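Novice: structure of the sequence below:
(one chain, ligands or ions: 1)
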Amino acid sequence: AYLFSFSHMNADASLFPFRAWQHCEQQALRHYAASLDNLEHPQGQWLLREEIARTIGRTRGVRCRPEQIVLGASTQWLFDLLAMICDKHALFAVEHPGYQRIYQQLHASGRPVLPITVDYKGMSPQELEESGASIAVVTPSHQMPTGLIMPVSRRIQLLNWSYKEEGRYIVEDDYDAEFKYEGDPIPALHSLDDLKRVIYVGTFSKSLLPGLRLSYMVLPPALLAVYKHHASHLMQTSSSLIQLALYVFIKSGEYQKHIKRMSKHYKTIRAELIEALHDKFGSSISITGEKAGLHFLMEINTPRPTGAILEKAKEHRLELYGMDRFWLKETTPAEGRPVIIIGFARLRSQDIASAVSLLHHCCFDK
Ligand SMILES: Cc1ncc(COP(=O)(O)O)c(CN[C@H](CF)CCC(=O)O)c1O
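Specialist: Numbers count the residues shown, from 1 in each chain. Purely as a prediction, here's the structure:
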């Protein structure tokens, strides 16, 4: 077990309202147990899809009907589904550096996946245009891993790219949208889309818990028709019990209360952590991607290479990851200063000073 964790992959289960969740589960069983005895709708429970449509309409400006929502046990599965229903010649473009599991998932679906460079505004429209891809996968709310927030100007550029040709789509993976600390709220790409070219994807992995394994996808009408034709033989992958408990949890207002409480908590932890990092590391670090989400990047001015830092972190039971897991191309990244990804979802206030000084030790001391 780790002493401290800077992982970007976890959540702090000790902050999850399990009593409230169990109450919602009991309510779900009391009122909807009957629906557990048969195979449900392939897209998932209607009641939950209604609540999700309402929630993303209110919080992200995503206008959709429950009929357009497909639930799934993980974002990876939803990308599998997407690969099944999209035109078999369609090429996918993904962000580089980017989220490796989606890249691998799409690769496994047998079609070439093209890594497209992410500049300081997000996926490069020029590279995307030249790539010949017709489906662009982006993470505009807090790019994984750089943490940049895609400005509206770039969102419009990508939408215009998708409008140029039939069959072009943008997959908006709105990961980390729930937690934003600086700057004005930016509406989802989906809310700016006039021609129904955006497929909106969301997950409860970070707003609630990764262990719930519940994610959702909003299909535009044209793709919904294809889904209904191709994939309706596929059964829903997520558990009906979790879906119904989540429906009660959202309906009762517990979800909104939880997001508010966690936003406040993460805002405090993030501020204390950034202050402690600057105190300890001084001008030897530069932090980027910290305006939203549950992680940011930290570049360190040290002669020690990333590999050696990660090695030392392992020795000292400090959970820490580098940028290699987001490097999708065969080429190795130009050797610059070490950059590590700092996740803070699992950090507790009282541990910050010790975790930061241990990190400093791994970066500089023998
Ligand atoms: C860009 C992006 N879109 C969705 C998810 C959610 O996927 P799921 O829980 O299956 O719904 C993640 C989650 N990624 C993990 C970080 F918590 C893993 C990162 C790593 O493998 O480095 C993600 O990065």
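Novice: can you get me a residue count around the closest residue to Arg325 other than its chain neighbours?
Specialist: Of all residues not flanking Arg325 in the chain, Gln100 sits nearest, at 5.7 Å (C-beta to C-beta, 6 or more residues apart in numbering). (C-beta placed from N, C-alpha, C; glycine too.) Gln100 has 16 neighbours, counted by other C-beta atoms under 10 Å.
Novice: shouldn't Gln100 be in contact with Asp324?
Specialist: No. Assessed by C-beta atoms under 8 Å, Gln100 is found out of contact with Asp324, at 9.6 Å.
Novice: what is the neighbour count of Ala1?
Specialist: 5.
Novice: same question, Thr55
Specialist: 17.
Novice: surely it touches Gly253?
Specialist: No. Counting by C-beta under 8 Å, Thr55 does not reach Gly253; the two are 11.1 Å apart.
Novice: any bit of stretch 170-186 sitting next to the ligand?
Specialist: Yes. With C-beta under 6 Å from any ligand atom as the measure, stretch 170-186 is seen reaching the ligand through 173, 175.
Novice: now do the end-to-end distance for that stretch.
Specialist: 17 Å (C-alpha to C-alpha, to the nearest Å).
Novice: gap between it and the chain center?
Specialist: 9 Å (C-alpha atoms, centre = their mean, to the nearest Å).
Novice: quick one: average confidence on it?
Specialist: What stretch 170-186 shows for mean pLDDT is 93.
Novice: ditto for stretch 276-290
Specialist: 98.
Novice: pull the residues that contact it.
Specialist: With contact meaning C-beta atoms under 8 Å, 6 or more residues apart in numbering, stretch 276-290 is reached by 142-143, 145-148, 181, 270, 274, 295-302, 342, 352-353, 356-357, 360, 363.
Novice: same thing with stretch 119-138?
Specialist: In contact with stretch 119-138 (C-beta under 8 Å, 6+ apart) are residues 79, 82, 86-87, 90-95, 98, 102, 106, 114, 116-118, 140, 143, 148, 150-151, 153-154, 157-158, 161-162, 165, 167-173, 189.
Novice: ok, Ser5 - contacts?
Specialist: 318-319, 343, 346-347.
Novice: restricted to helices, list those residues.
Specialist: In helices, judged by DSSP state H, none of these are found.
Novice: separate out the buried members of these.
Specialist: Restricting the contacts of Ser5 to buried positions leaves 318-319, 343, 346-347, with burial counted as 16 or more other C-beta atoms under 10 Å.
Novice: now the residues you listed in JSON lines, with pLDDT and distance to Tyr227?
Specialist: JSON lines is the format used below for the buried ones among the contacts of Ser5 (pLDDT from 0 to 100; distance: C-beta to C-beta, whole Å):
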{"residue": "Leu318", "pLDDT": "98", "distance to Tyr227": "44"}
{"residue": "Glu319", "pLDDT": "98", "distance to Tyr227": "38"}
{"residue": "Gly343", "pLDDT": "98", "distance to Tyr227": "34"}
{"residue": "Arg346", "pLDDT": "93", "distance to Tyr227": "36"}
{"residue": "Leu347", "pLDDT": "96", "distance to Tyr227": "40"}
